[in-house]
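Trainee: next input, structure requested:
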Amino acid sequence: SMDDAMFECTFDANPVMYDGIRWVRQEKESDEEVIVSGSSRRISVDWDDISGNTVKSRLIIRNVTVQDAGKIACVFSNGYGIEARGETYLLVKHKPIMDESPALKKAAAANRETGRLVCRAQGSPNITFTWRRQTGELAGGSKYQVYHKMVDPLTWESQFHVLD
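Mentor: Predicted coordinates for the structure are as follows:
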C-alpha cells in the first residue's frame with residue numbers, strides 16, 4: 001500500500017519571509033543536504049499564517065518509498081541572526097540494507113590487541129545482528145564481546161570484538 005508522509009514546522013519570526021522557508025533532506029550517498037522541492041509531483045510544500053509573526057509550513061511526500069527515508073529538516077531564515085532549524089527522520093519499514101563501505105569490509109589486529117569487526121545497516125524497525133562463521137554461529141564465552149548501538153533512527157551498528 002502506498003502511504004503519504006506529512007511534516008509540519010511552526011516558526012515565530014519578525015519579519016516573516018516566506019521565501020526563507022525551505023525543507024531539506026540528507027542525501028544517503030553523499031551526506032549532502034539537498035532541498036526537498038515541490039518540483040516532483042509526489043512532493044508539495046505549503047504554509048499558513050497562524051498569527052502575526054507565526055507561520056506553519058507543511059511538507060507532504062506522497063507514495064513514500066524506501067529512498068525517501070532519512071533525515072529531513074525544515075529551515076527558516078529571514079536575514080536576522082542564525083537560521084532556525086527543526087530536524088526529524090522519515091522512517092519507512094524495509095528490510096536491512098547493509099553498509100558495504102570498504103572501511104567496514106576488513107579488519108586486522110596486532111598480537112595482544114583486540115580485533116574489531118564492524119557491521120552497519122540501515123532499516124526500520126530496529127535491526128538485530130547475528131555474527132556467524134561460515135561453519136555456523138560464532139562462539140560465545142569470554143574471548144568475544146558484541147556491542148550494538150543505534151547510530152541514528154535509521155542506522156544500526158554491531159561490533160564484534162575478539163579479545164586476546
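Trainee: okay, buried residues for stretch 157-164 please.
Mentor: Neighbour counts over stretch 157-164 (16 or more other Cβ atoms under 10 Å) mark 157, 158, 159, 160 as buried. No exception for glycine: its C-beta is placed from N, CA and C like everyone else's.
Trainee: and stretch 27-39, by the same measure?
Mentor: residue 36.
Trainee: stretch 103-123 now?
Mentor: Buried residues in stretch 103-123, counted by 16+ other Cβ under 10 Å: 117, 118, 119, 120, 121, 122, 123.
Trainee: any idea which of those residues is closest to residue 81?
Mentor: residue 122 (34.8 Å; Cβ to Cβ).
Trainee: picking up where we left off before, nearest to residue 93, of the buried residues of stretch 103-123?
Mentor: Nearest to residue 93 among those: residue 123, at 8.3 Å, using Cβ to Cβ.
Trainee: state the helix or strand in which the closest one lies.
Mentor: For residue 123, the host element (DSSP states H and E) is strand 115-124.
Trainee: tell me the contacts of the residue nearest to residue 143 when sequence neighbours are not counted?
Mentor: Excluding the flanking residues, the one nearest residue 143 by Cβ to Cβ, 6 or more residues apart in numbering is residue 163, at 5.5 Å. Contacts of residue 163 were listed using Cβ atoms under 8 Å, 6 or more residues apart in numbering, and they are 114, 142, 143, 144, 145.
Trainee: cool, and residue 83?
Mentor: With Cβ under 8 Å, 6+ apart, residue 83 has these contacts: 20, 75, 76, 77.
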